[in-house]
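J.: Output the structure for:
(2 chains)
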Number of protein chains: 2
Amino acid sequence: MQDPPAAIGAALDEIDTPALVIDLEAFDRNVARMATYVASTGVALRAHAKTHRSVSVAKRQIAAGAVGQCVQKVGEAEALVRGGISDVLVSNEVVGDAKLDRLAALAGTARIALCFDSAEQVAAASRAALRAGMELGGLVEIEVGMGRCGIAPGLAAGDLARRIADAPGLRFEGLQAYHGRAQHLVGAAERRSAINGAIRAVRETLDALDRLGLVCRIVGGAGTGTFRNEAESGVYTELQAGSYVFMDGEYAGLEGEDGRPYAEFEHSLFVLAGVMSVSGADWAVVDAGLKSYSTEKGAPQVFGRPDLPVTGVSDEHGKIEFRSGKGLRLGERVMLVPGHCDPTVNLHDWYVGVRDGRVAELWPIEARGASR
Amino acid sequence: MQDPPAAIGAALDEIDTPALVIDLEAFDRNVARMATYVASTGVALRAHAKTHRSVSVAKRQIAAGAVGQCVQKVGEAEALVRGGISDVLVSNEVVGDAKLDRLAALAGTARIALCFDSAEQVAAASRAALRAGMELGGLVEIEVGMGRCGIAPGLAAGDLARRIADAPGLRFEGLQAYHGRAQHLVGAAERRSAINGAIRAVRETLDALDRLGLVCRIVGGAGTGTFRNEAESGVYTELQAGSYVFMDGEYAGLEGEDGRPYAEFEHSLFVLAGVMSVSGADWAVVDAGLKSYSTEKGAPQVFGRPDLPVTGVSDEHGKIEFRSGKGLRLGERVMLVPGHCDPTVNLHDWYVGVRDGRVAELWPIEARGASR
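T.: Numbers count the residues shown, from 1 in each chain, chains lettered A, B, ... in the order given. Predicted structure coming up:
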């Protein structure tokens, strides 16, 4: 891994660029705001670590009341358990004996669960649990409108739940019902409508489980764009939001329930970049490009400066055009709000936490690159 | 860094997924093909390490005749010099005393040069060289139609060259004249026309240098899309192609000089992914998404299977639709050709080199994340 881009106590100007910076005040407010909301409902928060890939962030979410963490990958689970996180759900299918054996090995130290959408995988996970002498929790992932993974809700899901409950080494935990596409629908009414569809799918499946006499401890789902809808559904028990700690350009582009820009949370995550060229007539070039932030959800935005659009991105360059009188000078720093926080975080080894204009925390991103 | 996804000698099916795989036969042919072409011209190859970020690849390019390596970042230069590469050009501006001091420190071990497009930076690099007691080579980057970095060709560039030649601790080396945008113009005639513009800018600047009595040892530029144009220009002396070792979806989408698909090089770089869900009616989901390949130049393609388009990509999922009778089964592996090789490589810690169906090489990507 790379060395940290700054030392504790350094001033903002002393952070080497590009760097992944957290505004700790905004981060703390985001964590507290979600915790306060969740505490006001009957549901739990199992924050998603695919956003942050970091033990330090996970611990702060759990200290604020989260019941554990979600991950997508066995490698992320390994990093979190190694860091002391004791309750981890792989909110995803895990295929291959090597991966299942690694996951089962973690169950000696932490409560571990994973998701299924096929009978073949239930059998494979059961064998892995028996090989390790461990027990793994199992959730049935149901298809709720994403068109990705997940078995059909209702009877088919009930049948798979029955298989999990009957499989040696597995315990049936509940349903995974995440609607990822809904998170990014711009209109609040569209998002609500999509989640209403997911809620119907959950209800149909809960009825099937009930007829089978199976107890469903967890119904998990929800993200930063729709968490209130799931929380108020009466059927979801665990929210899996992740991006709320950081926010990003895509979430900030949503419409809120009041018809105004979505402002549930604040931008707390930035890519700090430095101006490396001002040879252009009306643009500057900064030293952060595709290897410092992802752009599949749009170019980053210069924080607080809508007059400075990022109009070109290449591997290691970002071109910023001057739309007002005030440009940028050589060596000046800008804070870029990434379009999509999760893949941006995965490009960095360290979070540089800033408070009162000084580096207050350096948090390693232990699971950076842990996609196996 | 993450552990390697396989051991030497493992079969293809034993490589954990997702993994960054090199077909070593195709890789060797790409290296040899470029080396043979370059040897037939009067120019040199200074292959670009921003593509591969790896000492192992650099050494193979140099063994085949390359005069050294280009990088974009001081961190990449550090990794290469640490690995024994003795001639490195930062084909980019370097701003900030901390970065310049790190670069100057390398000049005790290797021949190091960097680019300039402002007098302010010439002065700063001169001071850094003097602080270190080292000499740094300096190239003037001229604007050749990219609209990014670079000073105007001709007199302005000549003036900057004069400043480099006169600055203590710096030696004037030549011109950086890379036209990045031209690499990705689809039509061969468009690419040639863009490079003809760059050649005119170089000639104008060479005339200015001549009048100033400055010797221009290097004129560097060219990429995988246009290298023949620069090589045959009579003015360029060093080609900076990088992607040619791997190829990617974007380069494969170009039109060649013969009007047929661009086939100078073969795909040698793949993201090996495993099918993790087949619950969909006519699609499968693989375990590699935005954290395993970049998509800003388009989704990856399933190698050899145009009937299996990747139609959806999320953080850790790729959705592959079945357009012919033959689908994919759970656990099956696919080789994905990334849309853009450079930022894809930067997501991984290891190249898994495969020859005759077995893992023959594990090459660390030492400069993964080295964007400072």
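J.: out of everything not next to it in sequence, what's closest to A:Tyr244?
T.: In space, and not counting its chain neighbours, A:Tyr244 is closest to A:Thr224: 4.5 Å by Cβ to Cβ, 6 or more residues apart in numbering or on different chains. Bear in mind the C-beta positions are built from the backbone N, C-alpha and C, glycine included.
J.: whoops, I mixed them up, A:Val55
T.: A:Gly83 (3.1 Å).
J.: just to revisit the earlier point, isn't the residue nearest to A:Tyr244 up against A:His184?
T.: No: counting by Cβ atoms under 8 Å, A:Thr224 stays clear of A:His184, with 9.8 Å between them.
J.: contacting residues for the residue nearest to A:Val55?
T.: A:Gly83 is in contact with A:Val55, A:Ala58, A:Lys59, A:Glu366, counting by Cβ atoms under 8 Å, 6 or more residues apart in numbering or on different chains.
J.: Would you list the phi and psi of A:Val275?
T.: Geometry field for A:Val275 lists phi and psi as phi -70, psi 120, criterion degrees, to the nearest 10.
J.: Quick check: it vs B:Ser277, distance?
T.: 45 Å (Cβ to Cβ, to the nearest Å).
J.: tell me the SS of the residue in chain A sticking out farthest from the centre?
T.: Checked against the mean C-alpha position of chain A, the extreme residue using Cα atoms, centre = their mean is A:Ala281, at a distance of 39.8 Å. Following DSSP: H, G, I helix; E, B strand; the rest coil, we place A:Ala281 in the coil state.
J.: which other residues reach the longest helix along chain A?
T.: Using DSSP state H to define each element, chain A has its longest helix at helix A:188-212. For helix A:188-212, contacts defined as Cβ under 8 Å, 6+ apart pick out A:140, A:142-145, A:153-155, A:157-158, A:161-162, A:175, A:177, A:179, A:181-183, A:185, A:215-216, A:219, A:221-222, A:225-226, A:229-230, A:233, A:235-236, A:254-257, A:259.
J.: Now with 6 Å, please.
T.: The contact list for helix A:188-212 (Cβ atoms under 6 Å, 6 or more residues apart in numbering or on different chains) reads A:142, A:144-145, A:153-155, A:157-158, A:161-162, A:175, A:177, A:179, A:182, A:185, A:216, A:219, A:225-226, A:229, A:233, A:235, A:255, A:257.
J.: Buried ones among the residues you listed?
T.: Neighbour counting with 16 or more other Cβ atoms under 10 Å in any protein chain shown marks A:142, A:144-145, A:153-154, A:157-158, A:161-162, A:175, A:177, A:179, A:182, A:185, A:216, A:219, A:225-226, A:229, A:233, A:235, A:255 as buried within the contacts of helix A:188-212.
J.: Helix or strand: which one has the nearest residue to A:Arg305 once chain neighbours are set aside?
T.: Of all residues not flanking A:Arg305 in the chain, A:Val334 sits nearest, at 7.3 Å (Cβ to Cβ, 6+ apart). Using DSSP states H and E, A:Val334 maps to strand A:333-337.
J.: Pull out the CA atoms of the very next helix or strand once past that strand and give them to me as CSV.
T.: Downstream of strand A:333-337, the first helix or strand assigned by DSSP H and E is helix A:341-345. Extracted as CSV, the C-alpha positions of helix A:341-345 are listed here (Å, rounded to 0.1, in the frame of the first residue of the first chain):
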residue,chain,number,x,y,z
CYS,A,341,-18.1,7.4,-3.7
ASP,A,342,-17.7,3.6,-3.5
PRO,A,343,-15.4,3.0,-6.5
THR,A,344,-13.6,6.3,-5.7
VAL,A,345,-12.7,5.1,-2.2
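J.: who's more crowded, A:Thr224 and A:His184?
T.: Between A:Thr224 and A:His184, counted using other Cβ atoms under 10 Å in any protein chain shown, A:Thr224 has the larger neighbour count: 28 against 17.
J.: Quick check, pLDDT for the more buried one.
T.: On the pLDDT scale, A:Thr224 is placed at 97.
J.: do the same with A:Asp258
T.: So, for A:Asp258, pLDDT stands at 89.
J.: distance of it from chain B?
T.: Distance, A:Asp258 to chain B, by Cβ to the nearest Cβ, to the nearest Å: 28 Å.
J.: My understanding was that A:Gly331 contacts B:Val95; is that so?
T.: Yes: taking contacts as Cβ atoms under 6 Å, A:Gly331 lies within contact range of B:Val95: 5.5 Å.
J.: Compare the two and say which is more crowded by neighbours.
T.: Higher neighbour count among A:Gly331 and B:Val95: B:Val95, with 23 against 17, using other Cβ under 10 Å.
J.: In contact with the more buried one, which residues?
T.: Applying Cβ under 6 Å, 6+ apart, the residues contacting B:Val95 are A:Gly274, A:Met276, A:Gly331.
J.: Residues of chain A that sit close to chain B?
T.: A:2, A:16, A:18, A:50, A:72, A:93, A:95, A:98, A:117, A:120, A:148-151, A:274, A:276-277, A:279, A:285, A:290-292, A:295-296, A:315-317, A:319, A:330-331, A:342-343, A:346, A:349, A:369, A:371-372 (Cβ under 6 Å from any Cβ of the partner chain).
J.: Just the buried residues of stretch A:311-331, please?
T.: For stretch A:311-331, a neighbour-count test (16+ other Cβ under 10 Å) marks A:312-320, A:322, A:327-328, A:330-331 as buried.
J.: again with stretch A:63-76
T.: By neighbour count on 16+ other Cβ under 10 Å, the buried set for stretch A:63-76 is A:64-76.
J.: Poorly predicted segments of the stretch 101-250 of chain A, please.
T.: By pLDDT under 70, the stretch 101-250 of chain A contains no weakly predicted segment.
J.: What segments of chain A are helices?
T.: Counting by DSSP H, the helices of chain A are A:24-39, A:55-63, A:74-82, A:97-106, A:119-132, A:155-166, A:180-183, A:188-212, A:227-231, A:249-252, A:341-345.
J.: B:Val359 is nearest to which of those?
T.: helix A:97-106 (14.4 Å; Cβ to Cβ).
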